[in-house]
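[1] dropping the sequence and predicted coords here.
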Amino acid sequence: MMSKDEHLLQAFRSGQDIHAATAARIFKKPIEEITKDQRRKAKTANFGIIYGISAFGLAQQLDCPRAEARQLIDDYFAAFPGVIRYIEQQKEIARQRGFAETLFGRKRYLPDILSNNATVRSFAERNAVNAPIQGTAADIIKIAMVAIHRRLKEEGLKAQMIMQVHDELNFNVPAAEIDRVREIVVSEMQNAVHLSIPLIADCGVGKNWLEAH
């Protein structure tokens, strides 16, 4: 969404498996022909490349030759040109302003973005790209949490929100309230904000977190 890459946006809007759709463009194959290994590589690329992973780092994660990892990175940027544009834009914005900013205006200051030390500067550049993405995700889940807490109180429900882990929320819910709480949680998470792509939430139920997955 933040990179505005048309191919990624289309994949999200059509409800495709984003990692399989990524693999289809990288490997230039129909999505139904993508193997589990190709999807795995695309998933690693999706999570790693946007945060500045190197060919060496990607090769380690995929347990493949560095040349293959380098080619995967090159093919990724060729397939999704909006991503590389976004990365470079975020770095330049941070150089000019001295901070990175989430979609909701929360700032992360980056005093080392102009450092003469390449290692220090590279770390700040990665944060310039990373902070708006992960920071915006953190903002969205907090908005959803506040809305869910309010709904539970307004409806006099006994369910309790007990834990947040990244983009997941964990609740203790009486059996009689499961259906209603599910409706509230999914609705508030999917409507926390309205973006250029839909937010999709699912809900599992179990006696423990493992069962709920």
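    Thanks, I have it. Numbers count the residues shown, from 1 in each chain.
[2] remind me which residues of the protein are low pLDDT?
    For the chain, the stretches with pLDDT under 70 are 1.
[3] can you pull out the strands in it?
    Using DSSP state E, the strands of the chain run over 99-101, 107-109, 160-165, 168-172.
[4] which one of these is the most hemmed in?
    Neighbour counts averaged per stretch over the strands of the chain are highest for strand 99-101, at a mean of 20; criterion: mean count of other Cβ atoms under 10 Å. Placement of C-beta: from N, CA and C, glycine included.
[5] show me what that strand is packed against.
    Counting contacts by 3 or more Cβ pairs under 8 Å, 6 or more residues apart in numbering; DSSP states H and E, strand 99-101 packs against helix 81-97, strand 107-109, helix 118-154.
[6] save the ones you listed as a markdown table, and put in distance to Q71 too.
    Below are these laid out as a markdown table (distance: least, Cβ to Cβ, whole Å):
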| stretch | distance to Q71 |
| --- | --- |
| helix 81-97 | 15 |
| strand 107-109 | 32 |
| helix 118-154 | 22 |
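[7] so what's I31 closest to, chain neighbours aside?
    Nearest residue to I31 in three dimensions, chain neighbours excluded: A24, at 4.2 Å (Cβ to Cβ, 6 or more residues apart in numbering).
[8] burial measure for the one you found, as a count.
    Neighbours of A24 under the rule other Cβ atoms under 10 Å: 23.
[9] what's the separation between it and R70?
    Per Cβ to Cβ, to the nearest Å, A24 is found 21 Å from R70.
[10] one more: T119?
    20 Å.
[11] more neighbours, those two?
    Counted by other Cβ under 10 Å, T119 and R70 do not tie: R70 has more neighbours, with 15 against 8.
[12] I figured the more buried one was touching I53, is that so?
    No - assessed by Cβ atoms under 8 Å, R70 is found out of contact with I53, at 11.3 Å.
[13] my guess is L9 contacts V83. True?
    No - contact criterion Cβ under 8 Å: L9 and V83 do not qualify, at 11.5 Å.
[14] just want to know which of these two has more residues nearby.
    V83 (21 against 15).
[15] next, the nearest residue to the more buried one once chain neighbours are set aside: phi, psi?
    Nearest non-adjacent residue to V83, counting by Cβ to Cβ, 6+ apart: S3, 4.8 Å away. When read as degrees, to the nearest 10, the backbone of S3 gives phi -80, psi -20.
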